[in-house]
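K.L.:
here is the input, now give the coordinates:
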Amino acid sequence: MSVRSVIRHETWTLTPDREPDAEPITYAMECAVCGESSDGSEDFADGQSWVLEHCGRNPSHHTFREIITRPWRAWRHT
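P.N.:
This next block holds a predicted model:
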């Protein structure tokens, strides 16, 4: 018995998932000084509020990162 391999190249596309059942885009903010972060939320304003509260509790923390979680979808061309 011989073994035979078949290799086929296919074209794939990657796009943001905008289907009705896609996960929501969420936003969070992370302190670059201590690593603490807000919870993810669909409303960016929640992260902004967290930053202002965090600065109030930690006056020396001035640098933050925005973390965006966006669903993506890969599909194969037929």
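
K.L.:
which strand residues bridge residue 72?
P.N.:
Taking DSSP bridges as the rule, residue 72 bridges to residue 16.

K.L.:
residue 60: what secondary structure?
P.N.:
Under DSSP: H, G, I helix; E, B strand; the rest coil, the three-state class of residue 60 is coil.

K.L.:
measure it to residue 40 for me?
P.N.:
Remark: distance between residue 60 and residue 40 (Cβ to Cβ, to the nearest Å) = 25 Å. In short, each C-beta sits where N, CA and C put it, glycine included.

K.L.:
more crowded one of those two?
P.N.:
Counted by other Cβ atoms under 10 Å, residue 60 and residue 40 do not tie: residue 40 has more neighbours, with 16 against 7.

K.L.:
contacting residues around the more buried one?
P.N.:
26-28, 67, 69 (Cβ atoms under 8 Å, 6 or more residues apart in numbering).

K.L.:
turn those residues into JSON lines, columns for neighbour count, pLDDT and secondary structure.
P.N.:
Formatted as JSON lines, those follow (neighbours: other Cβ atoms under 10 Å; pLDDT from 0 to 100; DSSP: H, G, I helix; E, B strand; the rest coil):
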{"residue": "26", "neighbour count": "18", "pLDDT": "98", "secondary structure": "strand"}
{"residue": "27", "neighbour count": "19", "pLDDT": "98", "secondary structure": "strand"}
{"residue": "28", "neighbour count": "18", "pLDDT": "98", "secondary structure": "strand"}
{"residue": "67", "neighbour count": "14", "pLDDT": "98", "secondary structure": "strand"}
{"residue": "69", "neighbour count": "11", "pLDDT": "97", "secondary structure": "strand"}
